[in-house]
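Student: The sequence isn't on hand, but the structure is:
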């Protein structure tokens, strides 16, 4: 599958008939979360970039710091997206791995449907990797909400607010994971469940 990914990216970059758009993002957060799990347990950073053609094909890569500055979670993807009767549908192959830490990565196929203010995502793990469901919404007037369930990381929900600040995005959020054994009053007073981050896109 990794050879297929490399081949598809090479074909994508060599296609002269379509316009290519590049987007990048850098971010800094009080904690880096992935599917409800705190990966950095302290200040962490993310760097990502993506290429997209006007025929719907896209590719991207992302690096997220973990507990130590040399420990990284890496993500590469290739996919296709199109608008279907007002619903943006994406299908992508994703390869996730780690650098500097002895954890096994995995591959998955992700299908995502984005409605006006709702998004539904299903990730099918390959080679016995776990599956993940995520449902998110920006329909509420003050906050965004999300719920996820993963065979790997468990169940979580998130409440967040994103604001435009200094040509970037400031995001404040609360995440509650099923591994949190505290009662509700303790959860909402535990600062470890909250995060704040800033990202800049270019």
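Tutor: Received, thanks. Values in this document were obtained by computation on a predicted structure and should not be read as measured data. Residues are numbered from 1 along each chain as shown.
Student: Quick check on the most centrally placed residue in the chain: phi, psi?
Tutor: Central residue of the chain (C-alpha atoms, centre = their mean): residue 34, 7.2 Å from the mean position. Dihedral pair for residue 34: phi -140, psi 110, per degrees, to the nearest 10.
Student: Next: residue 193.
Tutor: phi -90, psi -10.
Student: since we're on it, how many residues are nearby?
Tutor: 18 (other C-beta atoms under 10 Å). Bear in mind the C-beta positions are built from the backbone N, C-alpha and C, glycine included.
Student: For residue 110, see how far away it is.
Tutor: Distance from residue 193 to residue 110, counting by C-beta to C-beta, to the nearest Å: 26 Å.
Student: ok, now residue 195?
Tutor: Residue 195 is 23 Å from residue 110, by C-beta to C-beta.
Student: do the same with residue 76
Tutor: From residue 76 across to residue 110, the span is 13 Å (C-beta to C-beta).
Student: before we move on, back to that, check contacts around the residue nearest to the centre of the chain.
Tutor: Going by C-beta atoms under 8 Å, 6 or more residues apart in numbering, residue 34 touches 64, 73, 153.
Student: Show me which of those residues are buried.
Tutor: The neighbour count (16 or more other C-beta atoms under 10 Å) marks 64, 73, 153 as buried among the contacts of residue 34.
Student: Who has more neighbours out of residue 195 and residue 110?
Tutor: residue 195 (21 against 17).
Student: what sits up against the helix or strand hosting that one?
Tutor: If you go by DSSP states H and E, residue 195 is part of strand 194-201. Residues outside strand 194-201 that contact it (C-beta under 8 Å, 6+ apart): 23-31, 33, 46, 165, 167-175.
Student: The closest residue to residue 19 other than its chain neighbours: neighbouring residues, count only.
Tutor: Distances taken as C-beta to C-beta, 6 or more residues apart in numbering place residue 54 nearest to residue 19, at 4.9 Å, with adjacent residues excluded. Around residue 54 there are 10 other residues, counting by other C-beta under 10 Å.
Student: same thing with the one 4 residues further on?
Tutor: Here the number of neighbours of residue 58 (other C-beta under 10 Å) works out to 19.
Student: What confidence value was assigned to the closest residue to it other than its chain neighbours?
Tutor: Distances taken as C-beta to C-beta, 6+ apart put residue 52 closest to residue 58, at 4.1 Å, once the chain neighbours are dropped. In the prediction, the pLDDT value recorded for residue 52 is 95.
Student: Nice, that's everything, thank you.
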